[in-house]
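Q: Sequence and predicted structure below; questions after.
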Amino acid sequence: MSVWIAIVATGLGCYALKLGGLVTPQRVLADPRVRRFTDLIPVALLTALIAVQALADGRSLEFDGPRMAGLAAAVAALLLRAPFLVVLGAAAGVAAGLRLLGL
């Protein structure tokens, strides 16, 4: 039963967050501090997601060679201004290739 409580609470929290964004007055959204905050939050969240996926294994940090090489390939593709799907393909291809080689 506690799983369903968590599911319902998460659903209500997501709905409340979405509703909060819709009912926020325009004068609040026009504030430069709020605009800067809303511009930077997606970058911070994406960075945190990448760090967790690339460096974590359960509850411990793991510097896995193929994952790090895949991340490096993705960074290189981004620096070359490759399209997003090419970045994903490069990262996945390098990591999969190194795993296939047993590294």
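A: Everything's here; your move. The structure displayed is predicted, hence computed values, not measured ones.
Q: Check the burial of Pro66 by counting its neighbours.
A: When neighbours are counted by other Cβ atoms under 10 Å, Pro66 registers 17. No exception for glycine: its C-beta is placed from N, CA and C like everyone else's.
Q: ignore the last one, Gly89
A: Residues near Gly89, counting by other Cβ under 10 Å: 15.
Q: Quick check: the gap between it and Gly11.
A: As for Gly89, its distance to Gly11 is 34 Å (criterion: Cβ to Cβ, to the nearest Å).
Q: Can you list the helices and strands that the strand or helix carrying Arg27 packs against?
A: Applying DSSP states H and E as the criterion places Arg27 in helix 26-29. Applying 3 or more Cβ pairs under 8 Å, 6 or more residues apart in numbering; DSSP states H and E, one finds that helix 26-29 makes contact with helix 32-55.
Q: Excluding residues flanking it in the chain, which one is nearest Gly65?
A: Of all residues beyond its chain neighbours, the one nearest Gly65 is Leu103 (5.6 Å), with distances taken as Cβ to Cβ, 6 or more residues apart in numbering.
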